[in-house]
Each structure stands twice: as structure tokens, then as C-alpha cells.
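Q: Model the following, please.
(one chain, ligands or ions: 1)
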Amino acid sequence: MSTSAVATPTRTIRIGSRKSQLALVQTHWVRDELQKHFPELSFEVKTMDTQGDKVLDVSLSKIGDKGLFTQELENCMIDGEIDFAVHSLKDLPTRLPAGLMLGCVTEREDPADALVVHQQHKDKQIDTLPPGAIIGTSSLRRLAQLRHHYPHLSFKDIRGNLNTRLRKLDEGQYDGIILAVAGLERLGMGDRVHQILPSDVSLHAVGQGALGIECREGDEEILALLKVLEHVPTAQRCYAERAFLRELEGGCQVPIGVNTVLEADTLTLSGIVASLDGQQMVRGTVQGPATTAEALGTQLAQQLRGEGAQAILDEITAMNRA
Ligand SMILES: NCc1[nH]cc(CCC(=O)O)c1CC(=O)O
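A: Coordinates of the predicted model:
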């Protein structure tokens, strides 16, 4: 072996991403931030379609398998073809394949849901839309909560990426659609947000509005890079939210919503479990030190199970078996 100083070739870090416009905006943001922090490294983005991108004609809740938007990326990570993957945290299952971990949670945008309306309803809000107005959503969580509050509205499934959904709305297939504020903001379409749904109408999805970066367990080199993007307050909130969901879901898609507030070092987690028709809702709140985020999530889940959430979960499991 030569003892002379040989320059190490620049290490290329490979980042995995879905191909949707939103995924790419998010991944490019991560890449650009890391490049600023680590000018000596080079970063490369490798994109791929996931099952969730390919199967567009089936309702999400029907194919609602775990890892719909993540599995292909995870396989590439395990095979060493990519070093980490950037996800919308809400699309990342709460249980990850062996050998992989959630390496970083970035600062969250507004996690709320938004109503986007067809132009003929510009003067309306969610509670003044006419009876029978057609609302597009593919999320059981949004569906159950909105059905509960607005039984006079009609609900219709909607699939496709954000641009596709907005086009379907503009074409008149829907009177309104529900989307995450965060996605619209990131795509520079924040002006399409017509009304931010208040948390007493719709608790948001676990992890909504944050990015989750998944990497190989114990990959210290990558973890050290990702650390610069970690936003601790967002991470604490999302760890509580994910623990709540992990404790409640058992392979079935269930309408579950959350809200978290972090004040000083105190974390407040509110959660809801709803029946699919929105008739039953079990809701509660826990509070404690942010350093115990995951324990708070588990605690709230157990509390709600005892207050009727278990019956809702059993009913959904039985229905899926039938
Ligand atoms: N499941 C699709 C998805 N995954 C992440 C976002 C939006 C951005 C986010 O929540 O981080 C969306 C679209 C939506 O719900 O409107």
C-alpha cells in the first residue's frame, strides 16, 4: 500500500425519492440543504415509482397496504443502491422493515387540512356548502370526520397526484376537495387553500406536513449528515403522533387523527379514532414532558381503547375480514 497522500475520491451519497412533483420538490430541498452543509460531498437523486404511484384506479383505502409509497425505496436501501430515502412522513409506516430506521424529521409546515373549492363556491366555507355538494377525498380520516360534522355533503373518492386532483376539481368533477396545506405550500400553490379546516372539524394525519428521512439502521455516516436537518420540536411531536398510531393500528386502515402542541417543554397530544361512517368518535388529550413523547402517544392510545376505540377497531377488522 502506498503511503503517499492520495486524495479520496469524492464520496457520492445517493438519495432515493418518488417521482411525483411534490416528492421531487421535497427531495431536492433535502439535497440542496445537505450540499450547503457538506460542500465536499456529492449528492445524487435516484427516483422510482412505488406501488402507490402505479395503482391509480383503486381507492387508497382498499389497497391501503403498509408501505404503499415506500417499499420500493426501502428495498433499494437494503440492497445498498441508495443511502437514504426522503418521504412525506405521513406516508411512512410506523413500523419499518428490519435494518431500516427513521433517521431524521425535518421542520414541519402547517400540518392542517385545507378545503380547496371549485370557483363557483368561492363565497362558501365548509359549513355553508349546499346540501349534496361533492367533496373529494381518499382519506378515511378526512371522510369520517367530515361525514360526522357535515352529513348533508356527499363524498367521492379522488386519486392521483396534487395536480391531477386539482384538475379534476377545476373540471367540475367535485365541488371541493380536501388536501394537506403543506403539500400545496411546498408546490407554490398556497393560494389554492380556500379554508384551513379547524382542528375541531378535522384532526390531521400523523406526521402530516413533515418530511421523514429513512436510512439504514446504525449507518453512522449518513445519520451524522441527516442530523443537520433534524428539527427537534417537530420530531418530538411526530414521535408522539407515531407512537399513538403504532399502538392503535393493526394492519388495517383506521380513521385516526391527531394534533400536537409544544409549549416550552410540555407536549400536548390530542387524538381521535372514528368509525368509518363518522357516527362514533373517541377523542382525548394527554400532556407531559416532550422528552417522553413516545410514552405519551402510547398512553393516549391505551386511554382511547378503554373509552370505545377498541370497539371501533374491532368493527373495522371484522369488516375487512368479511
Ligand atoms: N398521501 C398523499 C400525501 N402525502 C403527503 C401529502 C401532503 C404533504 C404532507 O402531509 O406532508 C399528501 C397529499 C395530501 O394529503 O394532500
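Q: check contacts around the nearest residue to Leu197 once chain neighbours are set aside.
A: Of all residues not flanking Leu197 in the chain, Asp113 sits nearest, at 4.7 Å (Cβ to Cβ, 6 or more residues apart in numbering). C-beta here means a position set from N, CA and C on the backbone, and glycine is covered the same way. Shown in contact with Asp113 (Cβ atoms under 8 Å, 6 or more residues apart in numbering): 142, 178-181, 196-197, 202, 204, 208.
Q: shaky segments in the stretch 151-300 of the chain?
A: Counting by pLDDT under 70, the ranges of the stretch 151-300 of the chain that qualify are 250-251.
Q: how does it look with 90?
A: Applying pLDDT under 90 to the stretch 151-300 of the chain flags residues 159-161, 249-253.
Q: Look through it and state the residue closest to the ligand.
A: Gly183 (3.2 Å; Cβ to the nearest ligand atom).
Q: following the helix or strand that contains that residue, which helix or strand shows up next?
A: Secondary structure assignment for Gly183, by DSSP states H and E: helix 181-186. Helices and strands here follow DSSP H and E; after helix 181-186, the next one along the chain is strand 195-196.
Q: could you measure the residue nearest the centre of the chain against Ala180, distance?
A: Note on the chain: the residue nearest the mean C-alpha position is Lys90, at 1.6 Å, using Cα atoms, centre = their mean. Separation of Lys90 from Ala180 (Cβ to Cβ, to the nearest Å) stands at 8 Å.
Q: coming back round to it: model confidence for the residue nearest to Leu197, exactly?
A: Turning to Asp113, the model gives it a pLDDT of 98.
Q: Would you map the helices across this structure?
A: Along the chain, counting by DSSP state H, helices occupy 21-37, 51-54, 71-78, 140-149, 162-170, 181-186, 220-226, 232-248, 293-304, 310-321.
Q: For the stretch 51-200 of the chain, list the residues in contact with the ligand, please.
A: Applying Cβ under 6 Å from any ligand atom, one finds that the stretch 51-200 of the chain approaches the ligand through 88, 90-91, 179-180, 182-183.
Q: Outline the domain layout of the chain.
A: Here the domain parsing of the chain from automatic domain parsing is 1-107+210-230, 113-196, 231-322.
Q: And the second one, end to end?
A: From its first residue to its last, domain 113-196 covers 6 Å (Cα to Cα, to the nearest Å).
Q: How far does it sit from its chain's centre?
A: 17 Å (Cα atoms, centre = their mean, to the nearest Å).
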